[in-house]
Each structure stands twice: as C-alpha cells, then as structure tokens.
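>>> For reference, the sequence and a predicted model appear below.
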Amino acid sequence: EQLRIFLGECFHSFRPSPRRPFALLELGTYCGYSSVFFANELQKLDLDFKIYTVEVDKTNEDVAKKIIRMSKMEDHIQVLHLDLAKDQTISHLLATLEELHKVDFLFIDHDKEKYLTDLQLLESSGLIQKGTFVAADNIVFAQIDDYRTYIQTLQSNHIVSSKLEPSMLEYTEYVKATDDYS
C-alpha cells in the first residue's frame, strides 16, 4: 500500500507531454509481478506510459514475459536483458533506448549489492534527474547500508527528501522490512 501511495505522489507531480510518456524503470524483474502492478496503476490514471524492467536471469525474463503477455500489458512493458557475462551495465543497456531520456519513477529491487552503484550510474547518465522518484525495496532487512548512508547524505544536503516506510517482507507474514522512498 505504501508503494501505491508513493507512486500516486509521483503521478501527480508528473507533467504530461505529447512527446514523452511517463517512464518507469524497474531494476529486478523477477517474474514480472511488480511491472504488471505498476502498469495497472498507471492505466487507472489514463496516462501514456512505458515501463522498462531489467533482468539478468534469462529464466526469470522468460517467465516475466509470459506473465506480462497474460496480463495484456506487453504494449506498455518492455523487459530488457542485462548481460553480465559481457560486463554490461545498467546505463549502457539503457543508452540503447533512444526514446528514454528521463526516468520519472525508479523501483530498485534487484541485486542488493548493486543498489548504490546502479543508482549512481543512472544519476551520472542523466536518466535520474531532479523530480525523479526512487523507491528501493528491503534496504533495512537486507542491510544495504551504503545505499542508506548515501541517501541520508543527499537528504542532509537538501538534495533529496527521503523516508523509510515499514512493510512486510514478501512471502511472509512475520518479518518486517523497510522500504526507502526518496
């Protein structure tokens, strides 16, 4: 529910343009559930949007594509394969997309060791700009301290605003996790 509220805040600050749809980037596709969730929420707002979701595991990518097709969202969701065997980075992969100039909403839920480096790569590539909303999943539970420290530093320098939201760790009823919304 917290993610839906945060996403709503982002939508309301978005300035639609006939030349550029709302762009959502998800790092960590897994089975495609989050992408379909985001697409359903965006569709309710009657916005022109495109979701780019990045996955490194080919099996997960194939499953996600099937789920996205079953949800009838394939026109809105593009699954991108990040080839780690070729030392491909997030920013190199996204540079191949001519239509993507700015990310409006970034959802980070992939390799926990890459949260900070991938965020910084996206910042330096210019895809993350003033006004981009960033949600990072499970940062407290997974002890992603370098990411938290970085965001706290940006917040203390009045570059971003950030808040931690308690949430349930997926697939359990007992373990509480915390998401960071920047």
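Arrived safely, thanks for sending. Computed from a predicted model, the values in this text were never measured in an experiment.
>>> From here on, just use CA atoms for contacts and neighbour counts.
OK.
>>> so where's the chain uncertain?
When residues are selected by pLDDT under 70, those of the chain lie in 1-3, 7, 11, 15-18, 167-182.
>>> dump the residue contacts of Leu25.
Contacts for Leu25 (C-alpha atoms under 8 Å, 6 or more residues apart in numbering) come out as Ile51, Tyr52, Thr53, Val54, Val103, Phe105, Leu106, Phe107.
>>> Are we agreed that it is in a strand?
Yes. Counting by DSSP: H, G, I helix; E, B strand; the rest coil, Leu25 falls inside a strand.
>>> Quickly list what it is bridged to.
Here Leu25 sits in beta bridges with Tyr52, Leu106, going by DSSP bridges.
>>> Would you convert the contacts of Leu25 into TSV that also reports distance to His158 and neighbour count?
Shown next, in TSV, are the contacts of Leu25 (distance: C-alpha to C-alpha, whole Å; neighbours: other C-alpha atoms under 10 Å):
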residue	distance to His158	neighbour count
Ile51	29	26
Tyr52	29	21
Thr53	29	25
Val54	30	22
Val103	21	21
Phe105	20	23
Leu106	20	25
Phe107	22	22
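>>> Specify which member of those residues is nearest to Ser125.
Within the contacts of Leu25, the smallest distance to Ser125 is 10.9 Å, found for Val103 (C-alpha to C-alpha).
>>> Does that closest one touch Leu24 like I think?
Yes. With contact defined as C-alpha atoms under 8 Å, Val103 counts as touching Leu24 (6.0 Å).
>>> Tell me the one among the contacts of Leu25 nearest to Ala39.
In terms of C-alpha to C-alpha, no member of these lies closer to Ala39 than Ile51, at 7.4 Å.
>>> Please enumerate the helices of the protein.
Secondary structure of the chain (DSSP state H): helices at 2-13, 33-44, 58-70, 90-95, 115-125, 145-156.
>>> For the last one, list every residue counted as buried.
Just to be clear, that refers to helix 145-156. Of all the residues in helix 145-156, those buried under the rule 16 or more other C-alpha atoms under 10 Å are Tyr147, Arg148, Ile151, Gln152.
>>> what does it contact?
Outside of helix 145-156, the residues that reach it under the criterion C-alpha under 8 Å, 6+ apart are Tyr115, Leu116, Ile139, Val160, Ser161, Ser162, Ser182.
>>> and what of the second one?
Where contact means C-alpha under 8 Å, 6+ apart, the residues beyond helix 33-44 that reach it are 4, 26, 29, 49, 51, 53, 64, 67-68, 71, 73, 76-77.
>>> Between the two ends of stretch 135-155, how far is it?
With C-alpha to C-alpha, to the nearest Å as the measure, the ends of stretch 135-155 fall 15 Å from one another.
>>> okay, which residue is most central for this structure?
The geometric centre of the chain, computed from its C-alpha atoms, lies nearest to Phe107 (C-alpha atoms, centre = their mean), at 1.9 Å.
>>> In contact with that residue, which residues are there?
If you count contacts by C-alpha under 8 Å, 6+ apart, Phe107 has them with Leu24, Leu25, Glu26, Leu27, Val134, Ala135, Ala136, Asp137.
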